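Colleague: need a structure here:
(chains A, B, C and D)
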Protein chains: 2
Amino acid sequence: MPGLSLDKCQLQLGRGNYTMLESENGRIRSLDVFAGMDDAHFDRLMRGAYVQNFPPMIELITEGDPSDFLHILVSGSVELFSTWNGRETTMSTVWPASSFILAATVKDAPYLMSARTLEKSRIVLLPSSDVREVFDSDPCFARAIVSELAQCYRSVVKNTKDLKLRTSVERLANYLLRQQRRDGGGPEFILHTEKRRLASALGMTPENMSRAIKSLKPYGVGVTGNKVSIKDQDDLERFAKPSPLIDDFRT
Amino acid sequence: MPGLSLDKCQLQLGRGNYTMLESENGRIRSLDVFAGMDDAHFDRLMRGAYVQNFPPMIELITEGDPSDFLHILVSGSVELFSTWNGRETTMSTVWPASSFILAATVKDAPYLMSARTLEKSRIVLLPSSDVREVFDSDPCFARAIVSELAQCYRSVVKNTKDLKLRTSVERLANYLLRQQRRDGGGPEFILHTEKRRLASALGMTPENMSRAIKSLKPYGVGVTGNKVSIKDQDDLERFAKPSPLIDDFRT
DNA sequence: GGAAAAAGTTGATCTAGGTCAAGAAACGCG
DNA sequence: CGCGTTTCTTGACCTAGATCAACTTTTTCC
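Modeller: Numbering: from 1, shown residues only, chains lettered A, B, ... in the order given. As a prediction, the model looks like this:
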């Protein structure tokens, strides 16, 4: 439903009322960014907050726009993407519960990426000015923001290394290994992303992704639909050569 | 001189003494990161600091090592690069006066990139633990760190967009336009980077860089040695289609 | 449940960019 | 200054991956 604008949505769903926020508070409060902060400051942040449900495929943010809100994804999933000269690429996918476009908020600079919901998503919107204000008065929050930001930075750096140092098949192989770990490490797991989006995220075309999957078959990788099975873990790892300095998403 | 290790250097040059630091203090003090902070806190940081001169091509940092120091480049230039599976790529080049590997320091996590001097360089080393300590006690410093980090993050995001959305010739064209602006905007300017390093930074081979330069000739770009002349600004810009969301290095 | 739309796959072809090799130019150093 | 090393360039060739088109499978939605 591309005709449904953000404004329309806000009117439809209205400003998040206190009860809605209350029920969400626990979840949000326990996020890393807010964990250690003062209650008063947290309340201060939440007073100006909106909570909204969005349908799938709604463009939440358009790159270039001023960054009025820090977004926090409570449920659903959001794709960050960028465009130039008629081309488009997936920059990353956001899963609950985490914030996005923190850097734009902090710098009070225009968004560098657009964002759209992939599924029905619940999102908390914190006015950027409030975030900056509380940052200055709560050292604990400041510490958390800086840590989150550093984490984001390191993720992008890892992604750049992945892009510049590996071929597309190597990127796919390592993506599968990362996904496997995230899913518990068993020999069978599920892709939570559409293949064409995955292709874009990994910097290739959907067609080439299909072929890349096929070319991993000799290493014991089977993919049917969104189900992946890794028959020979060692063999795949010998090929993929995963490195903690690229593939470990925690450090 | 690849035989000369960092340790040897430290022995040779010794710990920066107070006089050396004093002479540097002004320059360092005026960096964005330190500008607004308390004098006492600044002194606290500088008490534990080392200042050192390094010859060209010395590896200052190896990716994967623990991040013991925040580095600040006072003069010279430093290349940040990464390796995987025998391949190497330039991630970015650092010019004075700015800090590098801030994110690793903040998170107390291993370096994701290696660093080497390109020329004779003067570098201030601040123990990471001191930086984190002062961060917690000086809100102004915290604000500056977060701003610097956000800036770094946004730079890497722009770089990813450049890599994923543009061809190598388009990347080169836009790089030239950025370099031109940085150099005052005149039709003639100078490349401050070796072409092979530039090639690596832009994600291509030196051979392909040569050919990319040639293919920009029809758009009025002339390159001889490190001198670049842009004869038809409009023509080049029509081809390069620079975007502030990728190419503006300030926001 | 079934038509329409979207996602995924496959094959044929093309092309951007990598690799290899050799020569030219620039640089560093005794 | 001149010799040796490195960088840069050019040409020939190759390959990873894109594009295009046709087809199959899956999903969506009335």
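Colleague: show me the contacts for A:Ser229.
Modeller: Shown in contact with A:Ser229 (C-beta atoms under 8 Å, 6 or more residues apart in numbering or on different chains): A:187-188, A:221-223. Backbone N, C-alpha and C define where each C-beta goes, glycine included.
Colleague: C-terminal to the one helix or strand it maps to, what's the next element?
Modeller: Using DSSP states H and E, the element containing A:Ser229 is strand A:227-230. Next in sequence after strand A:227-230, counting helices and strands by DSSP H and E, comes helix A:233-240.
Colleague: restrict the contacts of A:Ser229 to those near DNA strand C?
Modeller: A:Val223 (C-beta under 7 Å from any atom of the strand).
Colleague: so which of the contacts of A:Ser229 is the closest to A:Leu245?
Modeller: Checking these against A:Leu245 with C-beta to C-beta, the nearest one is A:Val221 at 23.4 Å.
Colleague: where's that closest one relative to A:Leu31, distance?
Modeller: 35 Å (C-beta to C-beta, to the nearest Å).
Colleague: those two - which one has more neighbours?
Modeller: A:Val221 (23 against 17; other C-beta atoms under 10 Å in any protein chain shown).
Colleague: verify the contact between that one and A:Lys214 for me.
Modeller: No. Between A:Val221 and A:Lys214 no contact is recorded; they are 9.4 Å apart, counting by C-beta atoms under 8 Å.
Colleague: residues touching A:His192, list them.
Modeller: A:77, A:95, A:179, A:226.
Colleague: again, only this time at 6 Å
Modeller: Not one residue lies near A:His192 by C-beta atoms under 6 Å, 6 or more residues apart in numbering or on different chains.
Colleague: on the three-state scheme, it is what?
Modeller: Following DSSP: H, G, I helix; E, B strand; the rest coil, A:His192 is assigned to coil.
Colleague: quick one: name the residues of the stretch 51-200 of chain A near chain B.
Modeller: Neighbours of chain B within the stretch 51-200 of chain A, by C-beta under 6 Å from any C-beta of the partner chain: A:63-64, A:82, A:84-85, A:87, A:89, A:103, A:106-107, A:109, A:112, A:136, A:139, A:142, A:146, A:149-150, A:152-154, A:156-157, A:160-161, A:163-165.
Colleague: returning to what we had before: for the strand holding A:Ser229, which strands pair with it and how are they oriented?
Modeller: Partners of strand A:227-230 in the sheet, by DSSP bridges, are strand A:188-190 (antiparallel), strand A:221-224 (antiparallel).
Colleague: so which of those gets nearest B:Leu118?
Modeller: Using C-beta to C-beta, these put strand A:221-224 closest to B:Leu118, at 41.5 Å.
Colleague: okay, the closest one in PDB with CA atoms only?
Modeller: Extracted in PDB, the C-alpha atoms of strand A:221-224 (Å, rounded to 0.1, in the frame of the first residue of the first chain):
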ATOM      1  CA  VAL A 221      24.900 -26.200   2.000                       C
ATOM      2  CA  GLY A 222      21.200 -27.000   1.200                       C
ATOM      3  CA  VAL A 223      18.600 -24.300   0.900                       C
ATOM      4  CA  THR A 224      14.900 -24.900   0.300                       C
END
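Colleague: so what's the gap between stretch A:47-54 and the chain middle?
Modeller: 19 Å (C-alpha atoms, centre = their mean, to the nearest Å).
Colleague: same question but for stretch A:169-177, I mixed them up
Modeller: With C-alpha atoms, centre = their mean, you get 19 Å for stretch A:169-177.
Colleague: that stretch vs DNA strand D: in contact?
Modeller: Yes. Judged by C-beta under 7 Å from any atom of the strand, stretch A:169-177 and DNA strand D are in contact via A:Val169.
Colleague: returning to what we had before: counting neighbours, which of the contacts of A:Ser229 comes out on top?
Modeller: Going by other C-beta under 10 Å, A:Val221 tops these with 23 neighbours.
Colleague: what's across from it in the sheet?
Modeller: A:Ile230.
Colleague: separation between it and DNA strand C?
Modeller: Separation of A:Val221 from DNA strand C (C-beta to the nearest atom of the strand, to the nearest Å): 12 Å.
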